[in-house]
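J.: structure for the following, please:
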Amino acid sequence: MSATPTVYVAVVDDDPSVCRSFARLLRASGIQPITYESAEAFLADAKRPRFDCLVLDVHLGGMSGIELGRLISREGGHAPVIYITAHDDPGTRAGVRDAGGVAFFSKSDSGADVLAAIRRVTA
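T.: Sure, this is the predicted structure:
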């Protein structure tokens, strides 16, 4: 019998309570979360694993989630990116589309919906 491979998901959000909530939800679902408080902290993590999915807050202090997603893509990263935001507006949605996000959620959306999107892109 072979073991199910571990699914790694990065959560990058400058709100510690969002990181904690996502970490609990993902762990309870058998997914290994690794949280970062900023795009810069994510980039500085020399030990970060190869992620199966990234959940990026659009509006971060410093580099934005959209900028981080574009940088990762330019550097050859292939992990699907799901964007979340507390500021859902047409301009933000356009930026996410242009950045190649596979899904976009408001922070007020159900965690179950975000989890379903993560499961879809990591299946």
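
J.: in this structure, which spans are helices?
T.: Assigned by DSSP state H, the helices in the chain fall at 16-28, 39-44, 65-74, 90-98, 111-122.

J.: now Ser64. Nearest residue, chain neighbours left out?
T.: Val58 (6.3 Å; CB to CB, 6 or more residues apart in numbering). Where C-beta positions appear, they are placed from N, C-alpha and C, glycine not excepted.

J.: repeat that for Arg97.
T.: Phe104 (8.0 Å).

J.: equivalent analysis for Arg93, please.
T.: That would be Phe104: by CB to CB, 6+ apart, it lies 6.2 Å from Arg93.

J.: same check on Asp14?
T.: Nearest residue to Asp14, sequence neighbours excluded (CB to CB, 6+ apart): Leu60, at 5.1 Å.

J.: let me see the contact set for Ile72.
T.: For Ile72, the residues meeting the contact criterion (CB atoms under 8 Å, 6 or more residues apart in numbering) are Leu54, Ala79, Val81.

J.: okay, the helices of the chain, which one's buried deepest?
T.: Between the helices of the chain, helix 65-74 has the highest mean count of neighbours, a mean of 20, where neighbours are mean count of other CB atoms under 10 Å.

J.: what angle sits between that helix and helix 90-98?
T.: Counting by axes from the mean of the first three to the mean of the last three CA atoms, to 10 degrees, helix 65-74 lies at 10 degrees to helix 90-98.

J.: quick one: mean pLDDT over helix 65-74.
T.: Regarding helix 65-74, the rounded mean pLDDT is 92.

J.: name the helix or strand of the chain that has the lowest mean pLDDT.
T.: Sorting the helices and strands of the chain by mean pLDDT, DSSP states H and E puts helix 90-98 at the bottom, at a mean of 84.

J.: any idea which residue sits dead centre in this structure?
T.: In the chain, the residue lying closest to the centroid (CA atoms, centre = their mean) is Val55, at 0.8 Å.

J.: Gly100 and Ala44, how far apart?
T.: Look at Gly100 and Ala44: by CB to CB, to the nearest Å, they are 23 Å apart.
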